[in-house]
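Trainee: Got a predicted model here, sequence first, then my questions.
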Amino acid sequence: MSTFNRTFVMTTFSRIGALLLCLGVAAATAVGAELRVEASRDLQLMVVDASRPSNRRAAIHDTFASSMAQAVTRRCGGEPIGVQLTETDAKQAAESLEMGATEAVLVIGSSLPNVLQKPNVMVFSGIPDSTKNERRIYLVVGTSDATLQGVLAVAFSTALSDQRFLAVLDAPEGKLAAR
């Protein structure tokens, strides 16, 4: 065998050996690696609110989330369930609801944006039990889980009539009620 052939064969075997060694290390690492999945019990709620950002607006959102969390917790047997709020625009909220990245969308305003008016959603709406505020509040929920719809319908109604929420909703800017 010529020197060229021996060198070529040795180089080829060396490369194949190195490749197999790398694959073996990668496979051993993959087998030994742990996959940890963490899930949250929190309800994912996107908020669409066209009013300008303020302390009052933040307090309204937070108090509604707290009221909703308490109502869902009671409805689900007492296991604590939180509500994670994400403020966004109507288009992003509609996309997230459609993809299943959020369970519901809360809309605070005079009307429901067109992008959220789809056949695959259920819309709950109401005007809070308040004489000072005529804003309409909507909760948009996907139709794929009837049980979740039922829980959220009751929780939404309860949150709209919660006295803490109504006090914050009616408080003028700078005069927020105690939570």
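Mentor: Nice, thanks for sending it over. Keep in mind that this is a model prediction, so the values were computed, not measured. Numbering: from 1, shown residues only.

Trainee: Please count neighbours and contacts with C-alpha atoms only from this point.
Mentor: Noted.

Trainee: Find the centremost residue of this structure, please.
Mentor: Q44 (3.0 Å; Cα atoms, centre = their mean).

Trainee: Okay, and that one sits in which element?
Mentor: strand 43-49 (DSSP states H and E).

Trainee: For that strand, give me every contacting residue.
Mentor: 61, 81-90, 93, 101-109 (Cα atoms under 8 Å, 6 or more residues apart in numbering).

Trainee: Stretch 80-91 now?
Mentor: 41-49, 61, 65-66, 68-70, 72-73, 113, 115-116.

Trainee: make it 10 Å
Mentor: Outside of stretch 80-91, the residues within contact range by Cα atoms under 10 Å, 6 or more residues apart in numbering are 40-50, 58, 61-62, 64-74, 93, 96, 102, 105-107, 112-116.

Trainee: Go through stretch 157-171 and flag the buried ones.
Mentor: 157-160, 162, 164-171 (16 or more other Cα atoms under 10 Å).

Trainee: likewise stretch 137-149?
Mentor: Quick answer for stretch 137-149 (16+ other Cα under 10 Å): 137-142, 149.

Trainee: want to throw these into a markdown table with pLDDT, distance to I127 and secondary structure?
Mentor: Below are those laid out as a markdown table (pLDDT from 0 to 100; distance: Cα to Cα, whole Å; DSSP: H, G, I helix; E, B strand; the rest coil):
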| residue | pLDDT | distance to I127 | secondary structure |
| --- | --- | --- | --- |
| I137 | 94 | 6 | strand |
| Y138 | 96 | 9 | strand |
| L139 | 97 | 12 | strand |
| V140 | 97 | 15 | strand |
| V141 | 96 | 18 | strand |
| G142 | 91 | 21 | strand |
| Q149 | 93 | 19 | helix |
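
Trainee: from these, which is closest to P128?
Mentor: I137 (7.6 Å; Cα to Cα).

Trainee: quick one: the closest one and H61 touch, right?
Mentor: No: with contact defined as Cα atoms under 10 Å, I137 and H61 do not form a contacting pair (11.3 Å).
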